[in-house]
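Novice: Model the structure of this input:
(2 chains)
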Amino acid sequence: DAKTTQPTSMDCAEGRAANLPCNHSTISGNEYVYWYRQIHSQGPQYIIHGLKNNETNEMASLIITEDRKSSTLILPHATLRDTAVYYCIVSGGGTSYGKLTFGQGTILTVHP
Amino acid sequence: NAGVTQTPKFRVLKTGQSMTLLCAQDMNHEYMYWYRQDPGMGLRLIHYSVGEGTTAKGEVPDGYNVSRLKKQNFLLGLESAAPSQTSVYFCASVRRGGYNEQFFGPGTRLTVL
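Specialist: Residues are numbered from 1 along each chain as shown, chains lettered A, B, ... in the order given. Predicted coordinates for the structure are as follows:
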């Protein structure tokens, strides 16, 4: 699976959009970009995933660049409950059997 | 629908003792995983299973054994616990063939003295 690079930490004001970047320059054609988050030592929680098109769900939006070498997770109206570690993971099909490789992620702190 | 549950939630062992962690899921998922998370680190894959009766090694398998006798259960065993195995252990499961939305359990916090 391709390696990802994320900033160690970010801050965001409550009510504002949080934009979390991720670089994955070695991503291959059949690999997806996944985002998970982990709130205060709970089990990680799936947020969103994408292949090459931008995606949106009830939690967030995912913007993937045309060359697929980077992506941005957008939390449109961050709340205090969004304070968490956010993991960007590249994972493919085939014989990967769903395995996920977690890096250290980005610690997002949402301030009042 | 309980999702993924883990037993126990906390445990303290002495060096050399053994124990088994139980993961159960009620979503009929084919794939199951055991991860460990050390302080300030991301999760690392210990072992995984792609179906009943099958297991495979992940990134950090040494010192652990697993079994998947029933589709809904995935057991992680420590035969002779060491202080280096002090960690939080997470179990996860996912449906085969769909996208990789893994469902995680709440974790087991293990301390080895």
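
Novice: which residue does chain A bring closest to chain B?
Specialist: Closest residue of chain A to chain B, CB to the nearest CB: A:Gly43 (3.0 Å). All C-beta atoms are positioned from the backbone trio N, CA, C, and that covers glycine.

Novice: so what's that residue up against?
Specialist: Counting by CB atoms under 8 Å, 6 or more residues apart in numbering or on different chains, A:Gly43 touches B:4, B:90, B:92, B:104-107.

Novice: Could I get the contacting residues of residue 47?
Specialist: Because you didn't say which chain, this covers chain A. Counting by CB under 8 Å, 6+ apart, A:Ile47 touches A:35-37, A:57, A:59-60, A:73, A:86.

Novice: Not quite, go with chain B.
Specialist: Contact analysis of B:His47 by CB under 8 Å, 6+ apart lists B:33-34, B:55-58, B:61, B:64-66, B:76.

Novice: what about 10 Å?
Specialist: Contact analysis of B:His47 by CB atoms under 10 Å, 6 or more residues apart in numbering or on different chains lists B:32-35, B:55-61, B:64-68, B:74, B:76-77.

Novice: The residues you listed also near chain A: which ones?
Specialist: By CB under 10 Å from any CB of the partner chain, the members of the contacts of B:His47 lying near chain A are B:32-33, B:35, B:56, B:58-59.

Novice: Tabulate the residues you listed in JSON lines, adding columns for secondary structure, neighbour count and pLDDT.
Specialist: Converted to JSON lines, the ones next to chain A among the contacts of B:His47 look like this (DSSP: H, G, I helix; E, B strand; the rest coil; neighbours: other CB atoms under 10 Å in any protein chain shown; pLDDT from 0 to 100):
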{"residue": "B:Met32", "secondary structure": "strand", "neighbour count": "29", "pLDDT": "96"}
{"residue": "B:Tyr33", "secondary structure": "strand", "neighbour count": "26", "pLDDT": "96"}
{"residue": "B:Tyr35", "secondary structure": "strand", "neighbour count": "29", "pLDDT": "97"}
{"residue": "B:Ala56", "secondary structure": "strand", "neighbour count": "13", "pLDDT": "95"}
{"residue": "B:Gly58", "secondary structure": "coil", "neighbour count": "19", "pLDDT": "94"}
{"residue": "B:Glu59", "secondary structure": "coil", "neighbour count": "14", "pLDDT": "93"}
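
Novice: Let's have these in JSON lines, adding distance to A:Thr8.
Specialist: JSON lines is the format used below for the ones next to chain A among the contacts of B:His47 (distance: CB to CB, whole Å):
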{"residue": "B:Met32", "distance to A:Thr8": "31"}
{"residue": "B:Tyr33", "distance to A:Thr8": "26"}
{"residue": "B:Tyr35", "distance to A:Thr8": "21"}
{"residue": "B:Ala56", "distance to A:Thr8": "32"}
{"residue": "B:Gly58", "distance to A:Thr8": "25"}
{"residue": "B:Glu59", "distance to A:Thr8": "22"}
